Each structure stands twice: as structure tokens, then as C-alpha cells.
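Enquirer: with the input below, show me the fold.
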Amino acid sequence: MVALAVTPKLVVNNARQALDYYVRTLGAQVEERHEDGGRIVHSQLRLGPTAVQVKDADAVDDDPLRLGRPGVLLQLIVADPDKVARAMVDAGGEYVFEVADREYGARAGRVKDPFGHEWLVQTPRTA
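Expert: All right, here's what the predicted structure looks like:
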């Protein structure tokens, strides 16, 4: 069997804040949002052609910050990685490494968002 799609699901401590952060800094669009008892049990964002799901941590799924380990690492291809990374940091993220021209042919940096997930923000370099 061949998978038809893979969709990352980010478990976070505060899904409302995370959705707002991703909309403001990445230009994401919220396509779905479902709550139960005041908690977001499922939401889906659209980032270009890609869907990313976000949910509040619960008894089954814990968030990376509470666990003390890295969250998901996502690669985000954008036209201006300097601008996107700066917006993420200005909104509460932190650089893992700043945007620079990389030896693998991209202008790239990595930002850890306030929820423990990391974003490799990059664009291919032109010769």
C-alpha cells in the first residue's frame, strides 16, 4: 500500500496561541478547528499546498516543552527566509541558527517556535 498523504500533527500546550502564532508569522490559514471542553482537539492549517494539524496536549499526547525534548522539525520553503524567521523570533520564537547562505545550496535558518517545534526556514540559492 502506498500512502496518499502525510500530515504532521503538532501537539502544543496552548493551541489557541499556536494557531494565532502560525497565522501571524507564517501566513497560515486555519481550515478546521474543533473544540471539546474548551480545548482544541483538532485543527488544520494550510501552509501553501501543505496541511499541518495542531492540537492541545492531553493525557495521550503531551507537548515537547513539558517532556523536555525537541518537537517536530518542519522544513518551510519561502521566498524570503530572513523576513519569515525574523517575524517568528519577534513573535516569541528563538533562533536555533540564524538565516545564512548554506553550503547545501540554500539560504536557510532554523527557528524554535514558542511551543517547542522547530522550523527550517529556507529558499534555494540562485547561482
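
Enquirer: how about Thr7, nearest residue that isn't a chain neighbour?
Expert: Sequence neighbours aside, Ala51 is the residue nearest to Thr7 in space, at 5.0 Å (criterion: C-beta to C-beta, 6 or more residues apart in numbering). For the C-beta atoms, the positions are set from N, CA and C on the backbone; glycine is no exception.

Enquirer: show me how far the host helix or strand of the one you found is from its chain's centre.
Expert: Assigned by DSSP states H and E, Ala51 belongs to strand 50-56. How far strand 50-56 lies from its chain's middle: 9 Å, per C-alpha atoms, centre = their mean, to the nearest Å.

Enquirer: what packs against that strand?
Expert: When contacts are defined as 3 or more C-beta pairs under 8 Å, 6 or more residues apart in numbering; DSSP states H and E, strand 50-56 sits against strand 9-12, helix 15-26, strand 39-47.

Enquirer: mean neighbour count added to these, as TSV?
Expert: Conversion of those to TSV gives the following (neighbours: other C-beta atoms under 10 Å):
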stretch	mean neighbour count
strand 9-12	22
helix 15-26	19
strand 39-47	17
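
Enquirer: among the ones you listed, which is nearest Arg86?
Expert: helix 15-26 (9.4 Å; C-beta to C-beta).

Enquirer: picking that back up, may I see the helices and strands packed on strand 50-56 organised as a markdown table, with distance to Glu94 added?
Expert: Shown next, in a markdown table, are those (distance: least, C-beta to C-beta, whole Å):
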| stretch | distance to Glu94 |
| --- | --- |
| strand 9-12 | 16 |
| helix 15-26 | 13 |
| strand 39-47 | 20 |
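
Enquirer: quick one: which of those is nearest Tyr95?
Expert: Distance to Tyr95, taken as C-beta to C-beta, is lowest for helix 15-26 among those, at 13.6 Å.

Enquirer: sweet, I'm off.
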